[in-house]
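Chemist: I'd like to go over a predicted model; first the sequence, then the structure.
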Amino acid sequence: MPYLADIDYRSQIKDEIINNVINTDVSLRLDMESKAEAQMRSRLAIRYDVTTIFNQTGANRNAEIVMYYIDMVIYHLHSRISGGQIPQTRIDRYNEAMNWLDKVAAGSYLPQNLPQIIDADGDGTSDGNVVQSGSRAARDPYF
């Protein structure tokens with residue numbers, strides 16, 4: 001089941017406009033949704049359980065993710081037509097969505113009610129926040 005529903009778009013774009021952009025071909029919108037979801041997953045997966053996030057439905061979904069997800073989809077749909085015909089509002093909202101995702105990935109913005117990656121090894125640190133360091137064992141340079 002898709003994360004976004006048709007009704008989600010109505011808060012950000014009129015039905016006539018989106019139908020005009022996709023030429024009433026819903027498969028185009030679904031294709032752009034999958035691409036936008038992949039962009040979101042790649043950034044959110046650093047700190048959050050994206051499988052749980054994108055399996056949520058209805059009112060259980062995070063409102064910020066829904067909003068930015070729609071912004072990204074609408075931008076991609078417009079960019080498919082012609083780069084010079086993308087409305088400035090769509091460019092601005094897409095850039096805002098990408099900035100938000102980058103801040104979330106960097107940890108400088110913590111969205112509410114998103115499931116974080118679980119600490120599977122029990123060391124007290126979320127497995128998404130682990131940075132490993134080290135090197136190979138020293139070699140004996142003498143023969």
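Modeler: The structure has been received and is ready for your questions.
Chemist: residue closest to the middle of the protein?
Modeler: Centroid-nearest residue in the chain: M40, 1.6 Å away (criterion: C-alpha atoms, centre = their mean).
Chemist: Please spell out which residues along the helix or strand where that residue lies are buried.
Modeler: If you go by DSSP states H and E, M40 is part of helix 26-44. Neighbour counts over helix 26-44 (16 or more other C-beta atoms under 10 Å) mark R29, D31, M32, E33, A36, E37, Q39, M40, R43, L44 as buried. Just so you know, the C-beta spots here come from the backbone N, C-alpha and C atoms, and that holds for glycine as well.
Chemist: Could you tell me how far Y48 is located from P141?
Modeler: Distance from Y48 to P141, counting by C-beta to C-beta, to the nearest Å: 46 Å.
Chemist: quick one, which of these two is more surrounded?
Modeler: The neighbour comparison of Y48 against P141 (other C-beta atoms under 10 Å) goes to Y48, with 23 against 5.
Chemist: right, and that one touches I118 too?
Modeler: No: using C-beta atoms under 8 Å, Y48 is not in contact with I118; the gap is 10.7 Å.
Chemist: who does the least confident helix or strand in the chain by mean pLDDT touch, helix- and strand-wise?
Modeler: Across the helices and strands of the chain, mean pLDDT, DSSP states H and E gives its lowest value to helix 15-22, namely a mean of 85. With contacts defined as 3 or more C-beta pairs under 8 Å, 6 or more residues apart in numbering; DSSP states H and E, helix 15-22 has these neighbours: helix 26-44, helix 63-81.
Chemist: ok, I91 touching Y75?
Modeler: Yes: with contact defined as C-beta under 8 Å, I91 counts as touching Y75 (7.0 Å).
Chemist: any residues in contact with both of the two?
Modeler: Residues touching both I91 and Y75 (C-beta atoms under 8 Å, 6 or more residues apart in numbering): there are none.
Chemist: Looking only at neighbour counts, state which of the two leads.
Modeler: Neighbour totals were compared for I91 and Y75, and Y75 leads with 23 against 14 (other C-beta under 10 Å).
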